[in-house]
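Novice: sequence and computational prediction follow.
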Amino acid sequence: RHRRLAAVLWLSLLGCAAIAWFPLKRAFAPFDDGPFRDYLLRGWDSWGMRSFLSVYWREVTLVTASVVGAALAFALLQIFLTGGVLRALIANRPRPVFRLVVAESVGLFKANLWATIRFALTASIWTGLLVAGPVKLIGKLGKDAPPHTFLPDLAFWWALVVGAIVFLNVGLRYDLARIALARDDAQNARGAYRIAKQRLSGRRVSGIRLMLLWLVVFLGVQALFTSVALHLNPRTNGAVAGLFLFRQIGFFLLAMARVGFFASLLAWEERRRPAYSAMGSASGGTTWNVSESISARAPASAFPETGSSVTTNGSALLSS
């Protein structure tokens, strides 16, 4: 339904790749024309690669700068577009998409950028406290232990399992904060994180389970297209063009999976909003507009001075 949103995300990836494409093409022209190409294509050779890097170090520096610039542009563009994508999903508008995403992203970019900075700081702090610190301590305790014994294995699995839990937990709160910004529940990153904490109260496991489900989808699509692409081994220009188109199909499916994750998380978050009425939704009764506060939608008589409850179409929405 929202494949045009996926197309917007795919175009952002393609545009950032174009930033590095021309420097890469220019830098590797000597590699294609020189004696290193046939020598290195026979198999990996550390001395041959070292010779190539020493001779063409200026071109390699250009490639590194272009790749880093493209990665930075891609990261900023994804932060920019996420707000617009969430607004388009909340409005449930499959078209027109591009203008809506760009317009909504402009207003949310600053708050989303601060939310991203807070996510990076929070992830660094919790990773240091719960992952790096214990792993270093276990490593000191088992520094004389042989490999594949209890303490070395404990350090490995602690870093893997606890690191994944920390990442999923911090990432889930970050995504919920961006949803709060997109719904206008908060005006800044601090308020959005406070609302995200309320949404996660007592429901953290189900949210992490949802993230794990979509993470499996992401990794499955990426592993499938990468493994097939590695076995194609094109030898002609037409085969290279076919490989490029094949990989773009994989990237488009990844963009579709990202839109699917956002839509699933929006549904998960909506069911946990204080104003959500399951009976009202099931019976066709009134439900509150998710992008507006309860106080803005409710009439004056909905907040009586006495302790009575308020119902709409037979569904209890809130208590005074």
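Specialist: Nice, I can see it. Residues are numbered from 1 along each chain as shown.
Novice: contacts and neighbour counts: CA atoms only from here.
Specialist: Noted.
Novice: okay, Leu121 and Gly128: tell me how far apart.
Specialist: 11 Å (Cα to Cα, to the nearest Å).
Novice: other SSEs contacting the helix or strand where Leu154 lies?
Specialist: For Leu154, the element it lies in under DSSP states H and E is helix 150-182. Other helices and strands packing on helix 150-182, by 3 or more Cα pairs under 8 Å, 6 or more residues apart in numbering; DSSP states H and E, are helix 57-91, helix 98-127, helix 133-141, helix 189-200, helix 204-232, helix 237-270.
Novice: can I get the ones you listed in a markdown table with mean pLDDT and distance to Ala180?
Specialist: Converted to a markdown table, the helices and strands packed on helix 150-182 look like this (pLDDT from 0 to 100; distance: least, Cα to Cα, whole Å):
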| stretch | mean pLDDT | distance to Ala180 |
| --- | --- | --- |
| helix 57-91 | 87 | 10 |
| helix 98-127 | 93 | 10 |
| helix 133-141 | 89 | 33 |
| helix 189-200 | 92 | 5 |
| helix 204-232 | 90 | 15 |
| helix 237-270 | 90 | 9 |
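Novice: adding distance to Ser12, write the ones you listed out as a markdown table.
Specialist: Output for the helices and strands packed on helix 150-182, formatted as a markdown table (distance: least, Cα to Cα, whole Å):
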| stretch | distance to Ser12 |
| --- | --- |
| helix 57-91 | 7 |
| helix 98-127 | 11 |
| helix 133-141 | 38 |
| helix 189-200 | 24 |
| helix 204-232 | 18 |
| helix 237-270 | 10 |
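Novice: so which of the ones you listed is nearest Asn169?
Specialist: helix 204-232 (6.8 Å; Cα to Cα).
Novice: what is the orientation angle of the closest one with helix 189-200?
Specialist: 100 degrees (axes from the mean of the first three to the mean of the last three Cα atoms, to 10 degrees).
Novice: for helix 204-232, buried residues please.
Specialist: Using 16 or more other Cα atoms under 10 Å as the test for burial, helix 204-232 gives 207-208, 211, 214-215, 217-218, 221-222, 225.
Novice: by contact count, what packs against that helix?
Specialist: helix 150-182, helix 237-270.
Novice: give me the buried positions along the longest one.
Specialist: Put plainly, it is helix 237-270. In helix 237-270, counting by 16+ other Cα under 10 Å, buried: 243, 247-248, 250-263, 265-266, 268-269.
Novice: and stretch 186-197, by the same measure?
Specialist: Within stretch 186-197, the residues that count as buried by 16+ other Cα under 10 Å are 186, 188-189, 192-193, 195-197.
Novice: from those residues, which two are the most distant?
Specialist: Asn188 and Lys197 (14.5 Å).
Novice: ok, back up a step: can you redo the buried residues of stretch 186-197 as TSV with distance to Phe98?
Specialist: Below are the buried residues of stretch 186-197 laid out as TSV (distance: Cα to Cα, whole Å):
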residue	distance to Phe98
Ala186	25
Asn188	25
Ala189	25
Ala192	25
Tyr193	28
Ile195	29
Ala196	28
Lys197	31
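Novice: nearest to Pro96, of those residues?
Specialist: Ala186 (26.3 Å).
Novice: look up how far Arg93 lies from that closest one.
Specialist: Remark: distance between Ala186 and Arg93 (Cα to Cα) = 22 Å.
Novice: returning to that earlier point: tell me the one among the buried residues of helix 204-232 nearest to Val8.
Specialist: Phe218 (17.8 Å).
Novice: ok, and the closest non-adjacent residue to that closest one?
Specialist: Distances taken as Cα to Cα, 6 or more residues apart in numbering put Leu254 closest to Phe218, at 6.2 Å, once the chain neighbours are dropped.
Novice: in contact with that neighbour, which residues?
Specialist: Taking Cα atoms under 8 Å, 6 or more residues apart in numbering as the contact definition, Leu254 lies against 218, 221-222.
Novice: between those, which is closest to Leu154?
Specialist: For those, the closest approach to Leu154 (Cα to Cα) belongs to Phe218, at 28.0 Å.
Novice: got a list of what Arg1 touches?
Specialist: Pro94.
Novice: and Pro234, which of the three is it?
Specialist: Classification of Pro234 by DSSP: H, G, I helix; E, B strand; the rest coil places it in coil.
Novice: so it touches Leu243, yeah?
Specialist: Yes. Between Pro234 and Leu243 there is a contact at 7.3 Å, judged by Cα atoms under 8 Å.
Novice: tell me, how many residues neighbour Glu104?
Specialist: Here the number of neighbours of Glu104 (other Cα atoms under 10 Å) works out to 20.
Novice: should've said Ala177
Specialist: 30.
Novice: which ones are touching it?
Specialist: Counting by Cα under 8 Å, 6+ apart, the residues that Ala177 touches are 115, 189, 192-196.
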